[in-house]
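Peer 1: Sequence first, then the predicted structure, then my questions.
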Amino acid sequence: MRSVAIGTTSKLPSITVETKGGTDTYCTLFNDDQESLATDDDSGTNLNCRIEATEDAGEYFIEVRGYSGSTTGRYELSVGASD
């Protein structure tokens, strides 16, 4: 799994994770126990993924992959937070 830590805190605010680019992406948000908390395919623009979530304190990871097993390409990953 390719993942990026997106937060370790005593209180995690609302987070937004999204991709941009010409690749059809699929995102999964995991907690530190590798449990899937949210998934998304096309809520972003142009077949990009977008997840908005508010979670408890802890460490979180995002996995980004191509929608199909043969999908490859470039994309930009953005992570934002607000309270």
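Peer 2: Good, I have the coordinates.

Peer 1: Quick check: end-to-end length of stretch 65-82?
Peer 2: With Cα to Cα, to the nearest Å applied, stretch 65-82 spans 25 Å between its terminal residues.

Peer 1: swap in stretch 43-55?
Peer 2: Rule used - Cα to Cα; the end-to-end distance of stretch 43-55 is 19 Å.

Peer 1: what comes into contact with it?
Peer 2: If you take Cβ atoms under 8 Å, 6 or more residues apart in numbering as the criterion, stretch 43-55 is touched by 12-27, 29, 31, 37-42, 62, 64, 67, 75. The way it works is simple: take the backbone N, C-alpha and C, and place the C-beta from them, glycine included.

Peer 1: Which among those count as buried?
Peer 2: Buried members of the contacts of stretch 43-55, scored by 16 or more other Cβ atoms under 10 Å, are 12, 15, 17-19, 21, 23-27, 29, 40, 62, 64, 75.

Peer 1: after the worst-scoring helix or strand of the chain on mean pLDDT comes which helix or strand?
Peer 2: Taking all helices and strands of the chain together, the one with the lowest average confidence (mean pLDDT, DSSP states H and E) is strand 3-9, at a mean of 56. Past strand 3-9, heading to the C-terminal end, the next element that is a helix or strand (DSSP states H and E) is strand 14-20.

Peer 1: need the strands for this structure, in chain order.
Peer 2: If DSSP state E is used as the criterion, the strands of the chain fall at 3-9, 14-20, 25-31, 36-40, 50-53, 58-66, 76-82.

Peer 1: Could I get the buried residue list for the last one?
Peer 2: Just to be clear, that refers to strand 76-82. Judged by neighbour count using 16+ other Cβ under 10 Å, the buried positions of strand 76-82 are L77.
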